[in-house]
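Peer 1: Structure, please.
(2 chains)
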Amino acid sequence: MSGVSKSKTNVKKIEITVNGKKVTVVRDTFLLQAVREAKAAVPTLCHHKSLTPSGSCRLCVCEIETRGKKQLVTACNYPVREEISVETASERVLTRRKLLAEMYLGRWPNVPIIKKIAKSLGITESRFKSEHTDENPKACILCGRCVTACEEFIQEKILDFAGRGIRRHMTMPFGEVDPHCVGCTSCAYVCPTGAIEIIDDLNGPANPVMIRNAGMKINAEMATLDKSQNKMRALGTATIVEVMDAYDLLPVMNHQYGSHPDTPKIGVDLLKEKYFTQGTADGCWKGCSMACSKAVDGFQLKTGPYKGQKVTVDGPEYETAAGAANMGCFDMDFLVEFNFYCDTYGLDTISLSTTMAFVMECYENSIITTEHTGGKELNFGAVGEVLECMHEMARGEGFGVDVGQGVRWLKNKWIKELGADPDFLQDIGMEAKGLEYSEYVSKESLAQQLGYTLAVKGPQHDEAWLIFMDMVNNQIPTDEDKAEALYYYPLWRTWFGLLGLCKIIWNDVVPADNNKYPPTVAAKVPGHVANFFKFFEGMTGIPLDEEKMLNQSARVHNFQRIMTRMLGFGTREHDMPPYRAVGPVTKKEYESRAELYDKQMKEIIGIDPEGKTTEEKMKITREYRMKKYNDVCDVVYRRRGWTKNGVPTIARLKELGIALPELIEIIKDDQEV
Amino acid sequence: MIIVNNRDKLDWHEDMTVRDVLEKMKYTFSLITVTVNGELVQKIDYDTHIVPDNARVSAFHLAHGG
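Peer 2: Residues are numbered from 1 along each chain as shown, chains lettered A, B, ... in the order given. Here you go, the predicted structure:
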């Protein structure tokens, strides 16, 4: 078979007739969109493309015929669900529409948009003048767009209508400025008459309108697209727990495995159904239109100093839930309590769960015993023991004090004091540069392995998260492709992080037309990069493009790398991962994915695994993977303008205009290329 | 046989749809852009768009972690 046939019936598409012309639309498309696709002109006043339609102005009225029955409907909020015939300018329609336009003109005779609509219907004078006629050309015409925008863009209800009939007007509560209003400007953005004007210019931006317009685009996308994309508003970052499990990327039992049958027990569906209680927005700042943070109210604690009390817990986020999987603790009550006490004690949920996972694997391998843990049996899944360790840590007592020092410190202690195998501990201790790994399995993504270890602060993924791009999409197959991604993304993410812009509005919701770009371009989300550049230009007055942005960021990034060098890191040896971040450390781990590893050995490495023992295959896999790691590391260093030892070259500093004597002093002895 | 993401081989069958390909690949993420032989397939057409034998399917996941 060749070519593409569409023999299967698509029940989601419906054919309708608009003014005698056939149009195919997706079921539930609003009629206004359908008639516009048929190039039919229908006037609107209250309608805005980014807001839920209300049909309140009724100017978009059209006549439809269904099974021989005719009726008038407002096109903006009428969903097409069956075959219909539509007339957009029948006599009945025009009579109603003209009457409405005349009434609007009588009340607001000088508002340009009303004059324009009335004129298009042949009306220039109105019979309906009264004492309520408002001559102001920027009068509020009660269309309600601002009320809807306040609720849908930033999930507030600051504006609303008051009064009835002819006294109906738009206001804030009690006619005063509501302190909840943060001046997000959504209302002004959608106002069709200019009745709401923005006059502030806090911080003296060069071009406040440019900033506002870019911001409004983001707000509109949150309101219209997020619900069909990642659902960050409804579910927050925990929405990806099951996604990571499905793609074998959720760290389970100290990053040994990538999925587990019990994942739904810490998944977002359960959170949504039984735990998340705050139905309102909970953003990092008042006015964020994404407001992805979530909370659990009235949670009764089972342990610790607040045992028995009902508390509010801010979270859990993805990383905290994934950290529970990493400790083998598939228990939602535990997860929420762990989250609460981490917040209360000031502990990082990532570092603590990755450290605990390491401790648990050491316990299960008898490297430590109850003698060292103060009697706690720290097997994977030991929820009560994990919480007890946390409480000890907070009290500065017992084994919890040791756990609080982190993976690197524990490795050194147990090698020195217990004679533990240093190679094994290095392999399974998920840290680099002294920082614990965040909660993604990087074994099958070479680019991510380096994304983790080359990050200035250590293996946190905020400089580069390339797993899907590399492992799933296969869009950066060569060493050079990976190096280019490891050049661009850390600089891009460093740049917008420095500006205080959020990652989530970059690519957790994406423009509807982002799929028009080829994958390597689409991955950058060009529409949102443009928004961020407008924020910069709007504030500073300096236009920006990709090259300028990358150079701005590279100055900071290289400066940071040199600071790291000054602190005793920042060279190749500190960019080396624990092997578990690269491949299977144990026999059990290899055998859990034997089919995949054997296939790779045959097809990629070029060695037939047939007849080889698991140990032999592990050795071959390890040698290959570590060689590839080092090969790509070389290419990344070159692309970044660093030496083979990972130190910025003086030539690169000159190129960036940061060849300061203080910086050169730190790196001058590390310049062999 | 069809090729997914320029790497993974999948057995083809008569009337194979885009939805079938995504299910076989266990691709469940919400932000995926699919092309079949370079032609963009909208989400609404996943159940009806027939993938021909020897097709090259791209299932581009847009995600950059937390």
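
Peer 1: bridging residues for A:H169?
Peer 2: A:A162 (DSSP bridges).

Peer 1: Look up how far chain B lies from it.
Peer 2: For A:H169, the distance to chain B (C-beta to the nearest C-beta, to the nearest Å) stands at 42 Å. Using the backbone N, CA and C atoms, a C-beta is placed for each residue, glycine as well.

Peer 1: Please apply the same query to A:A530.
Peer 2: Taken as C-beta to the nearest C-beta, the span from A:A530 to chain B is 16 Å.

Peer 1: What score does the residue lying closest to that residue once chain neighbours are set aside have for pLDDT?
Peer 2: The spatially closest residue to A:A530, leaving aside those adjacent along the chain, is A:A214, at 7.9 Å (C-beta to C-beta, 6 or more residues apart in numbering or on different chains). A:A214 carries a pLDDT value of 92.

Peer 1: A:A214 against A:F535, yeah?
Peer 2: Yes - between A:A214 and A:F535 there is a contact under C-beta atoms under 8 Å: 5.9 Å.

Peer 1: Can you tell me which residues in chain B are near chain A?
Peer 2: Residues of chain B lying close to chain A (C-beta under 8 Å from any C-beta of the partner chain) are B:5-7, B:14-15, B:17, B:26-31, B:33, B:36-37, B:39-40, B:44-45, B:47-54, B:58-66.

Peer 1: one more time with 6 Å, if that's ok
Peer 2: Selection of chain B residues close to chain A by C-beta under 6 Å from any C-beta of the partner chain yields B:5-7, B:28-31, B:33, B:44, B:48, B:50, B:52-53, B:60-61, B:63-66.

Peer 1: Strands along the chain, start to end?
Peer 2: All of this refers to chain A. Assigned by DSSP state E, the strands in chain A fall at A:13-18, A:21-26, A:61-66, A:69-74, A:85-87, A:160-162, A:169-171, A:295-300, A:310-314, A:431-432, A:435-436.

Peer 1: hmm, I had chain B in mind actually
Peer 2: B:2-4, B:8-10, B:32-36, B:39-41, B:56-61.

Peer 1: for chain A, which spans come out with low pLDDT?
Peer 2: Along chain A, the parts satisfying pLDDT under 70 run over A:1-11, A:200-201, A:278-281, A:673.

Peer 1: Any idea which residue of it lies closest to chain B?
Peer 2: A:W465 (2.8 Å; C-beta to the nearest C-beta).

Peer 1: and the closest residue to that residue other than its chain neighbours, how many residues sit next to it?
Peer 2: The shortest distance from A:W465 to any residue other than its chain neighbours is 2.8 Å, reached at B:G65 (C-beta to C-beta, 6+ apart). Using other C-beta atoms under 10 Å in any protein chain shown, B:G65 has 24 neighbouring residues.

Peer 1: can you tell me how far B:G65 sits from A:I350?
Peer 2: Look at B:G65 and A:I350: by C-beta to C-beta, to the nearest Å, they are 13 Å apart.

Peer 1: again, but for A:I117
Peer 2: The gap separating A:I117 from A:I350 is 56 Å, by C-beta to C-beta.

Peer 1: who has more neighbours, the two?
Peer 2: Set side by side, A:I117 and A:I350 show more neighbours around A:I350, with 24 against 21, by other C-beta under 10 Å.

Peer 1: and the stretch 351-500 of chain A, which residues reach chain B?
Peer 2: Applying C-beta under 6 Å from any C-beta, we find that the stretch 351-500 of chain A lies next to chain B at A:461, A:465, A:468, A:472-474.

Peer 1: now the residues you listed as JSON lines including neighbour count?
Peer 2: Listed next are these as JSON lines, based on neighbours: other C-beta atoms under 10 Å in any protein chain shown:
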{"residue": "A:H461", "neighbour count": "23"}
{"residue": "A:W465", "neighbour count": "25"}
{"residue": "A:F468", "neighbour count": "24"}
{"residue": "A:V472", "neighbour count": "24"}
{"residue": "A:N473", "neighbour count": "26"}
{"residue": "A:N474", "neighbour count": "18"}
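
Peer 1: So which of these are in helices?
Peer 2: Among those, no member is found in helices (DSSP state H).

Peer 1: Out of the strands of chain B, which is closest to A:P43?
Peer 2: Counting by C-beta to C-beta, A:P43 lies closest to strand B:39-41 out of the strands of chain B; the figure is 33.2 Å.

Peer 1: partner strands of that closest one, parallel or antiparallel?
Peer 2: strand B:32-36 (antiparallel).

Peer 1: chain center to the strand it pairs with: distance?
Peer 2: Chain-centre distance of strand B:32-36: 6 Å, with C-alpha atoms, centre = their mean, to the nearest Å.
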